[in-house]
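**Student:** Coordinates only, no sequence provided:
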């Protein structure tokens, strides 16, 4: 299973999001010195979940980082997060 699919599965099960966008941006970083060249190293994730209600941005990011701790510990070089509760302006 790809890293993207693993992350999607974990986030869907744990956060039950109403929206989940995972964008693989690894090709934008190909050739950078710190890029592992795996094609699955840089991601942008947008999550909308009721579980984020009444939590600040730091708490929300910590939740996602905890869920994806295994992937972030080695296989993912960078992960940009956008986390929202339903009804918040995504912009």
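**Tutor:** Cool, the structure landed. Remember, predicted model here, so these are calculated numbers, not experimental data.
**Student:** Would you mind finding the longest helix in the protein?
**Tutor:** If you go by DSSP state H, the chain has its longest helix at helix 3-15.
**Student:** neighbouring contacts of that one?
**Tutor:** Contacts with helix 3-15, where a contact means CB atoms under 8 Å, 6 or more residues apart in numbering, come from 1, 17, 20, 22, 24, 40, 43, 45, 47, 49, 51-52, 63-64, 67-68, 71, 75-76. For glycine as for every other residue, the C-beta is placed from the backbone atoms N, C-alpha and C.
**Student:** Which PyMOL command selects the buried ones in those residues?
**Tutor:** Filtering the contacts of helix 3-15 down to the buried ones (16 or more other CB atoms under 10 Å) takes a single PyMOL command:
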select buried, resi 17+20+22+40+43+45+47+49+52+63+64+67+68+71+76
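**Student:** So which of the contacts of helix 3-15 belong to helices?
**Tutor:** Using DSSP H, these in helices are 63, 64, 67, 71.
**Student:** which among these gets closest to residue 82?
**Tutor:** Residue 82 has its nearest neighbour among the ones in helices among the contacts of helix 3-15 in residue 64, at 10.0 Å by CB to CB.
**Student:** hmm, back to that, so which bits of the longest helix of the chain are buried?
**Tutor:** Buried, per 16+ other CB under 10 Å, within helix 3-15: 3, 4, 7, 8, 10, 11, 15.
**Student:** Low-confidence stretches in this protein?
**Tutor:** For the chain, the stretches flagged by pLDDT under 70 are 28-40.
**Student:** one more time with 80
**Tutor:** Low-confidence segments of the chain (pLDDT under 80): 1, 26-41, 75, 91.
**Student:** on that earlier part again, the ones in helices among the contacts of helix 3-15 into a markdown table, with extra columns for distance to residue 90?
**Tutor:** Formatted as a markdown table, those follow (distance: CB to CB, whole Å):
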| residue | distance to residue 90 |
| --- | --- |
| 63 | 18 |
| 64 | 16 |
| 67 | 20 |
| 71 | 24 |
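**Student:** now the residue nearest the centre of the chain: how far from residue 81?
**Tutor:** Residue closest to the average C-alpha location in the chain (CA atoms, centre = their mean): residue 45, at 3.9 Å. Noted for residue 45: a distance of 5 Å to residue 81, by CB to CB, to the nearest Å.
**Student:** Kind regards, and thank you for your time.
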